[in-house]
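**Q** this is a predicted model, with the sequence first.
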Amino acid sequence: MLHCVWLMLKAKAVLEGRACSWLPAPKPPAMSLSPCPIYHVLYLPSLLQVLEMSPERESCLRHRLELLPRDISRLKNLTLLYMDSNNLKAIPAEIGSLRRLERLTLSNNRLSSLPPEMAALQRLRSLHLANNALAELPAPLCQLRGLTFLDLSDNKIHSIPSGIRHLEKLETLLLLFNSLESLPEDICVLRNLHTLWLGNNCLRALPASFGDPPEVTEVELMLCKSSAQEKCVSGGKVW
């Protein structure tokens, strides 16, 4: 049986749908299969752990994926899935079947929502969703209690739900270039949070308890008052 733990697919071959009639000898831990459409991934061993489908990484920006096949759910042992810089407008509910997933990159797509099934990804540690079309922080994200890194920069998010308090292990939260006008008090209970970026929003005030816990050592934000004035917060103090 082919022992494959890392697969890199070139987007050009994927979109052209060229058949893959054979698989080269494996060279773990990294492996490149090209040309080979994504549907042929479904016939790879269940041992596959890393799937790379980012045209940006392969310098093939003219060839981007429009959808993620529902049968991605067959790759039960995936731990890393790179899908950034495509043209994805939706993620199938079957993503919730990837229970071993630890890192998911979906930045630079066209996502306006996420399926509720993503809440099942309890091993997820790092989630990248920058530069999409999200108008709010998707509810399923507040159930991913294992998250330590969350990037939601460059979206259209106007508010943060109180459920953010459930992300108790969160260490880094990036919310630059959104439409935030306020922050919930709940964000102040994230005891492990040490990096919080809020620049290029329109925050008019900070929570009363902002700066607690003192572990927050790197915060960048912009407060909107009579005129926009960029300020930085370090160790809980604005300067």
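**A** Yep, it's here. Residues are numbered from 1 along each chain as shown.

**Q** what's the burial count for the closest residue to residue 159 other than its chain neighbours?
**A** Among residues not flanking residue 159 along the chain, residue 136 sits closest, at 6.5 Å (C-beta to C-beta, 6 or more residues apart in numbering). C-beta: built from backbone N, CA, C; applies to glycine. Counted by other C-beta atoms under 10 Å, the residues lying close to residue 136 total 14.

**Q** so who does residue 136 touch?
**A** Applying C-beta atoms under 8 Å, 6 or more residues apart in numbering to residue 136 gives the contacts 157-159, 161.

**Q** buried subset of these?
**A** residue 157 (16 or more other C-beta atoms under 10 Å).

**Q** mind listing the helices for this structure?
**A** Assigned by DSSP state H, the helices in the chain fall at 11-16.

**Q** how about low-confidence regions in it?
**A** Applying pLDDT under 70 to the chain flags the ranges 1-46, 56-62, 211-239.

**Q** residues in a beta bridge with residue 149, which ones?
**A** Beta bridges link residue 149 to residue 126, residue 172, judged by DSSP bridges.

**Q** returning to what we had before: just put the contacts of residue 136 in a markdown table and tack on distance to residue 186.
**A** A markdown table is the format used below for these (distance: C-beta to C-beta, whole Å):
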| residue | distance to residue 186 |
| --- | --- |
| 157 | 15 |
| 158 | 16 |
| 159 | 12 |
| 161 | 8 |
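
**Q** can you tell me which two in the contacts of residue 136 are farthest apart?
**A** 158 and 161 (11.2 Å; C-beta to C-beta).

**Q** restrict stretch 92-99 to CA atoms and write it as PDB.
**A** Only the C-alpha atoms of stretch 92-99 are listed here, as PDB (Å, rounded to 0.1, in the frame of the first residue of the first chain):
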ATOM      1  CA  PRO A  92     -19.100  21.900   2.400                       C
ATOM      2  CA  ALA A  93     -20.600  20.500   5.600                       C
ATOM      3  CA  GLU A  94     -18.400  17.400   5.100                       C
ATOM      4  CA  ILE A  95     -15.500  19.400   6.400                       C
ATOM      5  CA  GLY A  96     -16.800  18.500   9.900                       C
ATOM      6  CA  SER A  97     -15.600  14.900   9.200                       C
ATOM      7  CA  LEU A  98     -12.000  15.900   9.400                       C
ATOM      8  CA  ARG A  99     -11.800  15.400  13.100                       C
END
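
**Q** would you mark the buried spots in it?
**A** Those would be 92, 94-98, for stretch 92-99 by 16+ other C-beta under 10 Å.

**Q** same question, stretch 75-91
**A** 75, 78-86, 88, 91.

**Q** now the strands for the protein?
**A** 6-9, 32-33, 50-52, 80-82, 103-105, 126-128, 149-151, 172-174, 195-203, 218-224, 228-234, 237-238 (DSSP state E).

**Q** which single one of the buried residues of stretch 92-99 is nearest to residue 173?
**A** Taking the buried residues of stretch 92-99 together and measuring to residue 173 by C-beta to C-beta, the closest member is residue 95, at 21.8 Å.

**Q** hmm, that closest one is touching residue 117, no?
**A** Yes. Taking contacts as C-beta atoms under 8 Å, residue 95 lies within contact range of residue 117: 6.2 Å.

**Q** does residue 71 really touch residue 94, like I thought?
**A** Yes. Under the criterion of C-beta under 8 Å, residue 71 makes contact with residue 94 at 7.4 Å.
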